[in-house]
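In: here is the input, now give the coordinates:
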Amino acid sequence: MNKIFSISFFVLIISIGIFQYSRNTDTNVNYERFNLVSPGVLRTPEERFINLKDYDFEPNYLEIDGLRIHYLDEGPKNGEIIYLLHGEPTWSYLFRKMIPTLTDAGYRVIAPDMVGFGKSDKYIDTDDYSHQMHIDTMSELIRKLDLKNMTAHVHDWGGLVGLRVIAEEPDRFSRVIASNTGLLATGRGLRNDIRGYISGPIFKLTIWLQGPATWEEFIGGNGFSNWIRYSRYADNIDVGGVMQILGSVSDEERLGYEAPYPSASYKAGAQIFPYLIPSELRKNEMAYREVLEKWNKPFLIANSDNDPVTGNNPRITEGLRRIPTAKEINIKGPGHFLQEEAGPEYAQLIIDFIKGEAKGFEVEAKVKDIKDIL
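Out: Numbers count the residues shown, from 1 in each chain. As a prediction, the model looks like this:
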C-alpha cells in the first residue's frame, strides 16, 4: 500500500512538473485573442474606429521602444508644419474640426496620439507610465519624422508634455501657441529648489490621504484636486462623461472619445496621467532656465475665459509668462476644450498667429457658468 502511494505521489509530482514546464515554455500564446501585442501591452481593435463622426483621416504608425505610435499626417507634404498635441483624456480626434481649415490653407498637420491614448498602443499597468516616457516618445516621433520649422499647438496635459518636447528639440520649432495649459515649475531660488524635491512626494501623500473621489465630487467640488483623486482611483474612468462636461460634446461625439477604450483595461494611461503632474517639477524648472527663458521666437498664450482649469489655477499660466516673447490673448465663450466648441475659429487663430496677426475672438458659449460645474 505504501509502495502504491509512493508511486502515485511520484507520478503526480512528475506530472505537475511537466505541466508547469510546458506552460512556461509555450511560445505560441495567442496574444491577439486578448488584443495583446506583447506582455502588458494592448492595442485597440481597428473596428472601434470605424465611422467616427468627422474622423476619416488616414492612420500613420511608427514603432518607438517596442510600441506602435499612431499619428495623423494631413495636408501637403511640402507645407509648413503645424504640430497638434492632445491632452487628457483626449486623442487626435480632438482636432478633427480644426484640421480641414489648416490643410485647406496649405499647411501640413501632424497630430500624434500619446502612449495609452487613441490608436497608439496602451500599457495595462499604470506603473509603466511616466511623464518622462511621454516626453521621450513624442520627442523620438518628431526626430524619426525629421520634422522642422514647426508651429506647435499644445493644450491641457499636452502642454506639460509638449513644452518639455520643445525644450528637448527647440531648433525644430519656429513658434508655439499654448491654450488652457502651462508647465508647472517651482521657480528660481534656494527655497524653490528645495520645493522641487519635496512638492511631488507631498502632493502624492495628500492625494493618498484624501483618498478616492466619486464622480459627483469630481464634477461638483474642487475640480483640480478631485479630478486627480477621481482619475487616480476610479476603476473605470468615464472618459465620455468628462468630455461631455468639459467639452460639450454630443452623444455621437462622445463615442469618438470612448472608441480607444473597449474596457477599463485600456484606460491605465488616462487614469494615471493627472497623477503624474508634479513628478517632473525639477526637470520642468530646468527646461525654463535652459531653453524657455531664452526663447526668442513667437509664443502665444491663448486661454478661453470659461476654462475651469486655468481659471481656477492661475499659477498654470503664470509660469508661461517667464518666456520673454510670450503674448496673451483671450478667447471668449468656449470652455476647456475650445477645439470642440470653436474648432474652425481656433484653427484660423493659429493661421493668423503664423502670419503675425493673432487676435482674440468670441463665440457663443455652449456651457453656461462652467466654473460653477467644477
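
In: quick one, phi/psi of Lys148?
Out: Main-chain torsions, Lys148, degrees, to the nearest 10: phi -140, psi 160.

In: could you number the chain from 40 rather than 1 from now on?
Out: Will do, 40 is the new start, and the previous item becomes Lys187.

In: my read: it touches Arg211, true?
Out: Yes - under the criterion of Cβ atoms under 8 Å, Lys187 makes contact with Arg211 at 5.3 Å. For every residue, glycine as well, the C-beta is placed using N, CA and C.

In: can you pull out the strands in the stretch 190-339 of the chain?
Out: 212-218, 338-343 (DSSP state E, counting those that start in this stretch).

In: which stretch among those comes nearest Tyr146?
Out: Closest to Tyr146 of these is strand 212-218 (Cβ to Cβ; 12.4 Å).

In: tell me where the model's unsure across this structure.
Out: Along the chain, segments meeting pLDDT under 70 span 40-73, 259-262, 350-353, 406-413.

In: can we see that at 80?
Out: Scanning the chain for pLDDT under 80 picks out 40-73, 226, 229, 231-232, 234-239, 254-264, 266, 317, 347-355, 403-413.

In: burial of Glu297, as a residue count?
Out: Neighbourhood size, Glu297 [other Cβ atoms under 10 Å]: 17.

In: so how far is Thr129 from the closest residue in space to it that isn't next to it in sequence?
Out: The shortest distance from Glu297 to any non-neighbouring residue, by Cβ to Cβ, 6 or more residues apart in numbering, is to Gly279 (4.6 Å). Computed with Cβ to Cβ, to the nearest Å, the distance linking Gly279 and Thr129 is 11 Å.

In: what do those two both touch?
Out: Tyr296 (Cβ atoms under 8 Å, 6 or more residues apart in numbering).

In: dump the strands of the stretch 190-339 of the chain to TSV, plus mean neighbour count and distance to Ala326.
Out: Shown next, in TSV, are the strands of the stretch 190-339 of the chain (neighbours: other Cβ atoms under 10 Å; distance: least, Cβ to Cβ, whole Å):
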stretch	mean neighbour count	distance to Ala326
strand 212-218	23	13
strand 338-343	24	14
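
In: ends of stretch 364-375, what's the gap?
Out: This stretch, stretch 364-375, spans 24 Å end to end (Cα to Cα, to the nearest Å).

In: list the buried ones in that stretch?
Out: Ala365, Ile368, Ile370, Gly372, Pro373, Gly374, His375 (16 or more other Cβ atoms under 10 Å).

In: list just the nearest of the residues you listed to Ser159.
Out: His375 (22.4 Å).
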